[in-house]
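# sharing a sequence plus its predicted fold:
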Number of protein chains: 2
Amino acid sequence: MALIVQKYGGTSVANPERIRNVAKRVARYKAMGHQVVVVVSAMSGETNRLIALAKEIMPEPDPRELDVMVSTGEQVTIGMTALALMELGIKAKSYTGTQVKILTDDAFTKARILSIDEANIKRDLNDGYVVVVAGFQGADANGNITTLGRGGSDTTGVALAAALKADECQIYTDVDGVYTTDPRIVPEARRLDKITFEEMLELASQGSKVLQIRSVEFAGKYKVKLRVLSSFEDEGDGTLITFEENEGNNMEDPIISGIAFNRDEAKITVLGVPDKPGIAYQILGPVAEANIDVDMIIQNTGADGTTDFTFTVHKNEMNKALSILRDKVQPHIHAREINGDDKIAKVSVVGVGMRSHVGVASKMFRTLAEEGINIQMISTSEIKIAVVIEEKYMELAVRVLHKAFELEEA
Amino acid sequence: MALIVQKYGGTSVANPERIRNVAKRVARYKAMGHQVVVVVSAMSGETNRLIALAKEIMPEPDPRELDVMVSTGEQVTIGMTALALMELGIKAKSYTGTQVKILTDDAFTKARILSIDEANIKRDLNDGYVVVVAGFQGADANGNITTLGRGGSDTTGVALAAALKADECQIYTDVDGVYTTDPRIVPEARRLDKITFEEMLELASQGSKVLQIRSVEFAGKYKVKLRVLSSFEDEGDGTLITFEENEGNNMEDPIISGIAFNRDEAKITVLGVPDKPGIAYQILGPVAEANIDVDMIIQNTGADGTTDFTFTVHKNEMNKALSILRDKVQPHIHAREINGDDKIAKVSVVGVGMRSHVGVASKMFRTLAEEGINIQMISTSEIKIAVVIEEKYMELAVRVLHKAFELEEA
């Protein structure tokens, strides 16, 4: 008997028919003698519908009230999923984030989980219930409803698996595993049987929309065994995320495991800042205080004693970041110009193999140059190289890089 | 400065435009220096949509999970209403039933309020906030989400007004007050400036859908000043519900204040029961235990030592009540026959004036007889006479009674 946490995304619970299929799979695991906790997202489209409703009232909705509204999406799904299980004769009980309780900080719309009270869930599991938990949401210390931000249901799943010391956290999605890149863009993309935690982290953070980055971090931190599977197929073992270097990094393994991409970011450039110590903090401090996540950061010092500072944020937050810079930062730093550009995309080559292989960067840059694609920003880590390019070239870049690194071959 | 609770029903918050109108009215009261608590229902149609979604999964949905789903309707509206107020520059904060907390019993889908913790709301009001509370919902002692049943938002409004010792509870709806009967059926129906609590109770319980009965009981119990107004008109004082006999029962007042009707009930007949003491309890006890509300009850003893027993329940619960009777009651009481009929309607003549005037009943029965309408059940109280008739005659009965009692004249 194992304790398994299964997380189902929006497309897996998109309608009553699919929710019935989720219930059937849970029933099979229950019949094998396992204890099952189910984490569900909102039905696909529902979160966007609720956000649109809020924006119809207030173009930039107050985040506390937005969370009150948006969190109803998962609340409807947990009720439906519990009903579908009962209809199969299985004892089931739903929990909202507040009811669990999943304690978060008070950063509305992007809260972080502080702790999970697992006592009630444990009791229900031992009483034979399947417990259905709303993903993506929690409550702060004052009982305010919070949401974890887009994709936060994965984080809920992994955090619950960690709190309950589950044997495995299964992430069900509309793909049957992690691919070398998005098969919608490159039909030759290949499913990986396993992938290291670090590669997964890079692939997720770079926008391989299979798993949300925070959930992978969580899984690594608490050594949660994580598996990505398709909710539309009953066969197949999906992709296992491994945490041991040796498990996933054999001599035979390819150098590069995948190509990630992301068109959700916007670039902000602060030009002609006096080149003095502390300037990075002066620029990014107020942005961070406003709870805006910054991804890539690049600083270039020019010849004239000034420096250019470029960073990327989520597209939705570009205008907020720009007005913070113009209102609060510009009066102090006297930059020549502050610009935003949301017509960009980020493309990354990811793989633990590149640690021991030179020439990955040069191959990447040459491949892009041959297609006439200009590189605007470059950022590197031990296991990835990311570039920012014009958005319209994104799909072309992914395709040519996938081919150049021979990812279609096992 | 007064403390006013304003309750807005589903049609008053049916879309963003109407929610903006609600915010504008609240803003006017705030500008006059009043403290305002706003109670809102789900957007019209939303509760039915959620119930349909649940029934698509499970034809008779588990009530706990149904409440989890249905309560999201009001949760969306409180967020939107708070946003609309903020958009007008007014400080606003939303509360779900759980957050208030509105403590109820655990009778899911028809819970009763046990207590209201008013401390946080008082603090927010004193800090200058307009507080927006989800109607119709609460939480039981274990933190399970409950709903108060259809129309329960009125009850939330009145209960909050009582707990906060508000100066007035204003119920905004799609009519501008309480009428002698539904103007959609009788165009000559007249708005009443005031009505006694008892008459209102009868009118509401008989289905004059303006106010939910429990809210009127609550208002009477806690002497909450209750006013029914239109949310679509800025002028007009609506109808005041009075609690003093003298206020509403002058010599000049008409004998009858209105004609109520209700097509939500079904009739259950238990025929040929041995006429022994305790038979009523044997029949109704199991029905009440299943939390099914019974309205009219009639027992007639026949000549053959058996008795016929008839009662009415909500249409939605007729099948549940019938199966309880057939499974649990029939084996003990040996009734000859148990029948259900949901093609009935109840029509009532209501007025405190009938206490001191004879002949109301005979006038009512004669009027119906002249139209060839057969009476199936009769039930009387000091201030009302109710009859059950075939559903198809309901509108005709209401029209001829309205005319017979000259209700179109002030």
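All right, it came through fine.

# Provide the secondary structure category for the residue in the stretch 251-400 of chain A that chain B sits nearest to.
Nearest to chain B, among the residues of the stretch 251-400 of chain A, is residue A:320, at 16.6 Å (CB to the nearest CB). In short, each C-beta sits where N, CA and C put it, glycine included. Local secondary structure at residue A:320 is given as helix here, using DSSP: H, G, I helix; E, B strand; the rest coil.

# cool, residue A:214 as well?
Following three-state DSSP, we place residue A:214 in the helix state.

# that one: neighbouring residues, count only.
21 (other CB atoms under 10 Å in any protein chain shown).

# got the contact list for the closest residue to residue A:230 other than its chain neighbours?
The shortest distance from residue A:230 to any non-neighbouring residue, by CB to CB, 6 or more residues apart in numbering or on different chains, is to residue A:176 (3.6 Å). By CB atoms under 8 Å, 6 or more residues apart in numbering or on different chains, the residues touching residue A:176 are A:191, A:229, A:230, A:232, A:233, A:236, A:238.

# how close does residue A:176 sit to residue A:239?
8 Å (CB to CB, to the nearest Å).

# chain A against chain B: which residues are in contact?
Contacts of chain A with chain B, taken as CB under 8 Å from any CB of the partner chain, map to A:16, A:19-20, A:50, A:53-54, A:56-58, A:61-62, A:64-66, A:68-69, A:71-72, A:75-76, A:78-80, A:82-84, A:86-87, A:93-94, A:96, A:98-99, A:143-145.

# write the PyMOL selection for whichever of those residues are buried.
Buried members of those, defined by 16 or more other CB atoms under 10 Å in any protein chain shown, are picked up in PyMOL with:
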select buried, chain A and resi 16+19+20+50+53+54+56+57+58+61+62+64+65+66+68+69+71+72+75+76+78+79+80+82+83+84+86+87+93+94+96+98+99+144+145
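
# inside helices: which ones of the residues of chain A next to chain B?
With DSSP state H as the criterion, helices contain A:16, A:19-20, A:50, A:53-54, A:56-57, A:64-66, A:68-69, A:72, A:75-76, A:78-80, A:82-84, A:86-87, A:98-99 from among the residues of chain A next to chain B.

# you'd agree residue A:354 is in a helix?
Yes: according to three-state DSSP, residue A:354 belongs to a helix.

# need the contact list for the nearest residue to it once chain neighbours are set aside.
Leaving aside its sequence neighbours, residue A:354 sits nearest to residue A:360 (CB to CB, 6+ apart; 4.4 Å). Contact analysis of residue A:360 by CB under 8 Å, 6+ apart lists A:255, A:256, A:349, A:351, A:354, A:385.

# which of those sits closest to residue A:157?
Comparing the contacts of residue A:360 against residue A:157 with CB to CB places residue A:351 closest, at 26.1 Å.

# where does the closest residue to that closest one other than its chain neighbours fall, helix, sheet strand or coil?
Leaving out its chain neighbours, the residue that sits closest to residue A:351 by CB to CB, 6+ apart is residue A:256, at 3.8 Å. Under three-state DSSP, the three-state class of residue A:256 is coil.

# distance of residue A:256 relative to residue A:200?
For residue A:256, the distance to residue A:200 - CB to CB - is 14 Å.

# where in chain A is pLDDT low?
Applying pLDDT under 70 to chain A flags the ranges A:150-151, A:204-210, A:244-254, A:303, A:410.

# returning to that earlier point: joint contacts of residue A:176 and residue A:239?
In contact with both residue A:176 and residue A:239: residue A:191, using CB under 8 Å, 6+ apart.

# check contacts around residue A:165.
With contact set as CB under 8 Å, 6+ apart, residue A:165 has these partners: residue A:3.

# can you map out the helices along the stretch 151-300 of chain A?
Remark: helices assigned in the stretch 151-300 of chain A by DSSP state H, counting those that start in this stretch are A:152-163, A:197-205, A:213-221, A:245-248, A:279-289.

# what angle sits between the longest one and helix A:213-221?
Interaxial angle of helix A:152-163 relative to helix A:213-221 (axes from the mean of the first three to the mean of the last three CA atoms, to 10 degrees): 20 degrees.

# output the contacting helices and strands for helix A:152-163.
strand A:3-8, strand A:35-40, strand A:113-116, strand A:130-134, strand A:168-173, helix A:213-221 (3 or more CB pairs under 8 Å, 6 or more residues apart in numbering or on different chains; DSSP states H and E).

# give me the contact list for it.
With contact meaning CB under 8 Å, 6+ apart, helix A:152-163 is reached by A:5-7, A:9, A:37, A:39-41, A:74, A:97, A:102, A:113, A:115-116, A:118, A:121, A:133-137, A:148, A:166, A:168-169, A:171, A:211-212, A:214-216, A:218-219, A:221-222, A:224, A:226.

# which ones are touching the closest residue to residue A:58 other than its chain neighbours?
Nearest in space to residue A:58, with sequence neighbours left out and distances taken as CB to CB, 6+ apart, is residue B:83 at 4.2 Å. Counting by CB under 8 Å, 6+ apart, residue B:83 touches A:54, A:57, A:58, A:61, A:62, A:65, A:66, B:92.

# what do you get if the cut-off is 7 Å, keeping everything else the same?
If a contact means CB atoms under 7 Å, 6 or more residues apart in numbering or on different chains, then residue B:83 has A:54, A:57, A:58, A:61, A:62, A:65 as its contacts.

# what's the farthest-apart pair in those?
A:57 and A:62 (9.9 Å).

# distance from the chain centre to stretch A:371-388, please.
Centroid displacement of stretch A:371-388 relative to its chain, using CA atoms, centre = their mean, to the nearest Å, is 20 Å.
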